[in-house]
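**Q** heads up, no residue letters with this:
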């Protein structure tokens, strides 16, 4: 039968406390990370009426690389939407809100078109580098 020495037992307790402290620190940082992510979320409400865009942002949605983007679309007729450069497709239906949510991972200027409106550019997304 083996018995642990006092120093081995002490080392085990110290290691346990170190692991516990690191775990608690990581858990406590989760709300901070979530709050930071919410602070970098850009939300845009865009309405399509008679194949034209109505938006407080004008013809361009401006944001920074790394932002989370949330675009809420409403339309008076079906619109097959495509965000070029990010290859995001969605279909907006009349009298329903459809939301595009994505991370702005690439800087540049990207058109958002409606394929069923003869590829008409509805609005631009401008992502500025960090």
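**A** Perfect, I can see it now. In this text the structure is predicted, and so the values were computed from the model without any measurement.
**Q** Okay, and the beta partners of residue 70?
**A** Beta-bridge partners recorded for residue 70 (DSSP bridges): residue 43, residue 101.
**Q** tally of neighbours for it?
**A** Number of residues near residue 70 (other Cβ atoms under 10 Å) recorded here: 14. Every residue, glycine included, has its C-beta placed from N, CA and C.
**Q** quick one: the helices in the chain?
**A** Using DSSP state H, the helices of the chain run over 6-39.
**Q** pLDDT below threshold where in it?
**A** Scanning the chain for pLDDT under 70 picks out 1-12, 14-39.
**Q** Domain map for it?
**A** 1-39, 41-128 (automatic domain parsing).
**Q** Tell me which of those is the most buried.
**A** domain 41-128 (a mean of 15; mean count of other Cβ atoms under 10 Å).
**Q** what's the span of it from first residue to last?
**A** Counting by Cα to Cα, to the nearest Å, you get 15 Å between the two ends of domain 41-128.
**Q** Please tell me how far residue 108 sits from residue 100.
**A** The spacing between residue 108 and residue 100, counted by Cβ to Cβ, to the nearest Å, is 17 Å.
**Q** Same question for residue 129.
**A** Distance of residue 129 to residue 100, computed by Cβ to Cβ: 21 Å.
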